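Undergrad: A predicted structure for the sequence below; I have some questions about it.
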Amino acid sequence: MKKYLMQYTAAYPILTARDVIKYCYQAVFGAEHLLCDKAAALAYFEKEWNAVATAGLPLYEQISDRYARVNLAAWKQAGLPAEWLFRMFFMTASTPSQASMRDLDQLFETVEELLSQNAFPFSARDWQQELTAYREHGGGPVHHSEAYRAAARPSYRVVARQYTELIPLLKHLVSLPASDGTPHVISIDGRAASGKTTLAKLLASVLGAGTVHMDDFFLTSELRTAERLAEAGGNVHYERFCDEILPCIKLNGSFQYNTFSCSKMCLDGKRSVEGGSWRIVEGSYSHHPKFGDYMDTRVFCHVSPEEQMRRIRERNGEAMAGMFSSRWIPMEEHYFKTFMTEHKSDFQWNTENKGEEE
C-alpha cells in the first residue's frame with residue numbers, strides 16, 4: 001500500500017488529512033456505500049457524466065491491490081461508453097467488501113509511518129486531530145476536503161481492479177467499425193485454464209452481453225470416433241454449432257440452443273442467450289475455420305504450461321490433470337498449430353499482461 005499512497009500524494013500535493021482518510025477507506029472497502037437503488041445511482045451518475053469537463057487526468061488511478069478510481073472525464077475523452085463504467089461501478093458497489101476495520105486501521109498505521117518521513121503535505125498533528133474526529137463520529141465514508149475539491153475537481157467512480165484490467169480490451173472494442181444494427185460478436189478462444197470463461201463472464205457483465213459456451217458443443221459419445229478425434233479441431237461438434245448458433249448469433253433477439261452434458265455424454269437441456277448489442281462465444285475451438293468469420297473480433301487467451309497445469313490440478317484434481325496433459329491439451333495444441341489460431345487473433349489476453357492488440 002505504501003506505493004499507492006506515495007503515488008497519490010505525488011499526484012495531489014494539495015491533500016489534507018481528511019482526503020487521505022477518504023482514500024484509505026476507499027482503498028480498503030471500495031465504493032463507499034452499498035448500492036441497492038440502481039435507478040437512483042444511474043440518474044446521479046448521468047448527471048455527473050453530462051457535467052464533467054476536467055481534462056488531463058489519467059484514465060484510472062490504482063488506490064490498492066483491490067480497487068481503482070476511474071476518472072469520468074478521462075473515460076469520456078477515451079470514447080468509452082458511460083454505461084460500461086456505470087456497470088463496473090454498480091457491480092463493485094453492490095458487492096460487500098470482505099475487508100474489516102482492522103484492515104483500515106493497519107492502513108492508517110502505514111500513513112503514520114509515512115508521516116514520520118514527511119511524506120504528506122500536512123503535519124502529524126493535523127492527521128491525529130482529523131483521525132480522532134473521524135473515529136469519534138463513528139468512522140465510515142467521508143467527503144473530500146473543500147481545498148481538494150476546489151483544486152482537483154474530483155469526479156470518479158471506484159471500481160474493482162478486475163474491471164480496470166479489462167480496459168485494454170474495452171479500448172479495442174470501441175475501435176471496431178460501427179454496428180449495422182446487429183450485435184457485435186466477440187469470440188474468445190485459447191488454451192485450457194487460460195481464463196476464457198472468467199474473461200467472458202467479466203466482459204459480459206460490463207457489456208451486457210449474452211454468452212455462448214463452447215463446452216456445450218463437445219461431441220456426444222457416438223460421435224467420438226478415432227477418426228474424428230484425430231482431426232484438428234474435431235473434438236467439437238462444429239456441425240451443431242453451425243446449425244444452432246450461426247443463424248442466430250447476429251439476431252437482435254434472444255435465442256436458445258441445446259447443451260452437452262459431460263456426465264451423461266449426450267445432449268441434456270437448453271441454454272438461453274439474451275439479446276443485446278454484444279454477444280460473446282467463449283471456449284476452445286470458438287475460432288474454428290468451419291465457422292467462418294462470424295465474429296467481429298477474435299480474442300486468444302494464453303497461459304504458460306506451468307501455470308496451466310497448476311490451475312488444472314487446483315480446478316480438476318490430479319487424476320483429471322493427467323487426462324488433460326496426455327489427451328485434451330495435445331488435441332488443443334494440434335488445433336492451434338494447424339489453423340494458426342493464436343496468430344490470427346485480433347487481441348491477445350495473457351494472465352501476466354492482461355491484454356494487447358495484435
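TA: On my side now, so go ahead. Residues are numbered from 1 along each chain as shown.
Undergrad: so how many other residues sit close to residue 276?
TA: Applying other C-beta atoms under 10 Å, we find 16 residues neighbouring residue 276. (C-beta placed from N, C-alpha, C; glycine too.)
Undergrad: swap that for residue 126, sorry
TA: Using other C-beta under 10 Å, the number of residues around residue 126 comes to 15.
Undergrad: Now do the same contact list for the nearest residue to it once chain neighbours are set aside.
TA: Computed as C-beta to C-beta, 6 or more residues apart in numbering, the closest residue to residue 126 that is not its neighbour in sequence is residue 17, at 4.9 Å. Residue 17 sits next to 120, 122, 126-127, 129-131 when contact means C-beta atoms under 8 Å, 6 or more residues apart in numbering.
Undergrad: Okay, domains of the chain per the record?
TA: 2-161, 167-357 (automatic domain parsing).
Undergrad: dump the residue contacts of the closest residue to residue 82 other than its chain neighbours.
TA: Nearest non-adjacent residue to residue 82, counting by C-beta to C-beta, 6+ apart: residue 49, 5.0 Å away. Shown in contact with residue 49 (C-beta under 8 Å, 6+ apart): 72, 76, 82.
Undergrad: try residue 82
TA: Neighbouring residues of residue 82 by C-beta under 8 Å, 6+ apart: 45-46, 49, 75-76.
Undergrad: What residue in this structure is the furthest from its centre?
TA: residue 125 (41.0 Å; C-alpha atoms, centre = their mean).
Undergrad: Quick check: which element contains that residue?
TA: For residue 125, the host element (DSSP states H and E) is helix 124-136.
Undergrad: got any ranges where the stretch 51-200 of the chain has weak pLDDT?
TA: 54-55 (pLDDT under 70).
Undergrad: The residue nearest to residue 82 and residue 179, how far apart?
TA: Residue 49 sits at a distance of 22 Å from residue 179 (criterion: C-beta to C-beta, to the nearest Å).
Undergrad: ranges for the helices of the stretch 51-200 of the chain?
TA: 72-77, 82-93, 101-115, 124-136, 146-152, 161-164, 167-174, 196-207 (DSSP state H, counting those that start in this stretch).
Undergrad: May I see these arranged in CSV, with distance to residue 334 as well?
TA: CSV is the format used below for the helices of the stretch 51-200 of the chain (distance: least, C-beta to C-beta, whole Å):
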stretch, distance to residue 334
helix 72-77, 42
helix 82-93, 37
helix 101-115, 48
helix 124-136, 61
helix 146-152, 55
helix 161-164, 32
helix 167-174, 27
helix 196-207, 18
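Undergrad: and residue 24, which of the ones you listed is closest to it?
TA: When those are compared by C-beta to C-beta, helix 101-115 sits nearest residue 24, at 4.6 Å.
Undergrad: ok, and what's touching that closest one?
TA: Residues contacting helix 101-115 (C-beta under 8 Å, 6+ apart): 1-2, 5-6, 20-21, 24-25, 27-29, 120, 123-124, 127, 131, 139.
Undergrad: Now do the buried residues in that helix.
TA: Going by neighbour count (16 or more other C-beta atoms under 10 Å), the buried part of helix 101-115 is 103-104, 107-108, 111, 114-115.
Undergrad: Closest one of those to residue 304?
TA: Lowest distance from residue 304 to the buried residues of helix 101-115 (C-beta to C-beta) belongs to residue 103, with 31.9 Å.
Undergrad: any idea how far the residue most central in space within the chain is from residue 86?
TA: For the chain, residue 163 is the residue whose C-alpha lies nearest the centre (C-alpha atoms, centre = their mean; 3.9 Å). Distance, residue 163 to residue 86, using C-beta to C-beta: 11 Å.
Undergrad: How about the contacts made by residue 4?
TA: By C-beta under 8 Å, 6+ apart, the neighbours of residue 4 are 27, 62-64.
Undergrad: go with 10 Å
TA: If a contact means C-beta atoms under 10 Å, 6 or more residues apart in numbering, then residue 4 has 23, 27, 61-65, 67-68, 107, 110 as its contacts.
Undergrad: Show me which of those residues are buried.
TA: Applying 16+ other C-beta under 10 Å to these, the neighbour count classes 23, 27, 61-64, 67-68, 107 as buried.
Undergrad: So which of those residues sit within strands?
TA: Judged by DSSP state E, strands contain the following of the buried ones among the contacts of residue 4: 61-62, 67-68.
Undergrad: Identify the farthest-apart pair in those residues.
TA: Going by C-beta to C-beta, the pair spanning these furthest: 61 and 67, at 10.0 Å.
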